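Asks: Dropping a prediction and its sequence here:
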Amino acid sequence: MTLLTVKNLTKTYQDKTAVKNINFEFQYGKCIALIGPNGAGKTTILRTLAGLLKPNEGSVTFTNMKPNDDIRKYIGYLPQYPVFYSWMTGLEFLIYSGRLAFLPKMEAKTRAEELLKKVGIYDAKNQRIGKYSGGMKQRLGIAQAIIHKPKLLMLDEPVSSLDPIGRREVLTLMEELKHEMSILFSTHILSDADEISDELLLLHQGEIVEAGSMSELRQKYQTSTIKLQFKENLEGYQSKINALESISNSYMERDVLLVKATDIRLARQEILTTAAQQNWEMTSFTLDRASLEDMFMKVVKNECNG
Ligand code: ATP
């Protein structure tokens, strides 16, 4: 079911068009990564969806949104560089955020306590935020973003500025939250998108240049390489594999034989059948997955050449 529809979104700063004609539909319960290099337009899209920037053209509509509804009711947003009052405690900050979101006093307190538990910083609820680690601050920021139970949580580069421990804490939290809510987050770190998201929107120079589920995109950009390992005698097997009809060439990398196929399905069939018939001592067979980085480089290169 569709949660959000973005149509023809365009945003220009003075004479710079940061985002051009963006269209996408966001389905309930998905976790979507907006990926792209610095300056691609990620923050502009998120700020526009959050109602903090007015688009020059286009619309952002939640399904069943009432006319004249404030879009901020539907969205929780954690900016790339959140600002906290470092003299407040985590609990005070969340109660304050709840009050700003028009929650009655008691409800704000109950919700704050509940969220401190959910994001895993309950034990530090009475500590000043100034004493929090980067990962704790980011988790507090996520709690603040969902205090009003929004339909969509948006996070702008949620882990980019964190050390490896903070990064892991926040990624783990996102992994948990994605079972409970729809999430849109931006990143330029492709492995984070790979780890957490169900779908990708790949952004380049303000335009969506590729979109789809991870499995669709992997299939589309699948390489034609198979990685093989044998108990021993790699050279002996190499000549036999090169002789197969579907193989164009192969090369060795340490103890792995990298096999390039002309037809990946046929190659798999031929290799596995021959291995079974001739009793090869094959210890590993892997279809090389297209990494997000390969995919990204291919798309961006095509765009630049086109
Ligand atoms: P980053 O990862 O560096 O934050 P981004 O993908 O989020 O990049 P945006 O911050 O949305 O990209 O910027 C898109 C383009 O718009 C960039 O070229 C940027 O320089 C420009 N831009 C962003 N904000 C403004 C502004 N307030 N005034 C003028 N130009 C801007």
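Replies: The structure has been received and is ready for your questions.

Asks: Give me the distance between H204 and K231.
Replies: H204 is 45 Å from K231, where distance means CB to CB, to the nearest Å. C-beta coordinates here come from the backbone N, C-alpha and C atoms, glycine included.

Asks: So those two - more neighbours on which side?
Replies: Each of H204 and K231 has its neighbours counted (other CB atoms under 10 Å); H204 has more, 20 against 10.

Asks: Is it correct that that one is in contact with G39?
Replies: No. The pair H204 / G39 is not scored as a contact, 10.0 Å apart, by CB atoms under 8 Å.

Asks: Now the closest residue to the ligand within the stretch 51-200 of the chain: closest residue in space, sequence neighbours ignored.
Replies: As assessed by CB to the nearest ligand atom, the ligand sits closest to H188 within the stretch 51-200 of the chain, at 5.5 Å. Closest residue to H188 apart from its sequence neighbours, by CB to CB, 6 or more residues apart in numbering: P37 at 5.7 Å.

Asks: give the contact list for that neighbour.
Replies: Neighbour list for P37: 188, 204, 300 [criterion: CB atoms under 8 Å, 6 or more residues apart in numbering].

Asks: Kindly recompute the last result at 10 Å.
Replies: 188, 203-205, 296, 300 (CB atoms under 10 Å, 6 or more residues apart in numbering).

Asks: Contact distance from the ligand - what residues of this structure qualify?
Replies: 13, 16, 18, 36, 38-44, 188 (CB under 6 Å from any ligand atom).

Asks: can you pick the most crowded of these?
Replies: That'd be K42 among these, by other CB under 10 Å, with 26 neighbours.

Asks: Show the contacting residues for L258.
Replies: 225-228, 249-252, 288.

Asks: sorry, back to before: per-residue confidence at the residue of the stretch 51-200 of the chain closest to the ligand?
Replies: At H188, the pLDDT value in this model is 85.

Asks: Check which residues of the helix or strand where F285 lies are buried.
Replies: Secondary structure from DSSP states H and E places F285 in strand 282-287. Buried residues in strand 282-287, counted by 16 or more other CB atoms under 10 Å: 282, 287.

Asks: who touches that strand?
Replies: 222-232, 237, 255-257, 259, 261, 264-265, 267-268, 271-272, 274-276.

Asks: what about 6 Å?
Replies: Strand 282-287 has contacts (CB atoms under 6 Å, 6 or more residues apart in numbering) with 226-231, 275.

Asks: Domain map for the protein?
Replies: Per the record, the chain has its domains at 2-219, 223-288, by automatic domain parsing.

Asks: Buried deepest among these, which one?
Replies: Highest mean neighbour count of the domains of the chain: domain 2-219, a mean of 18 (counted as mean count of other CB atoms under 10 Å).
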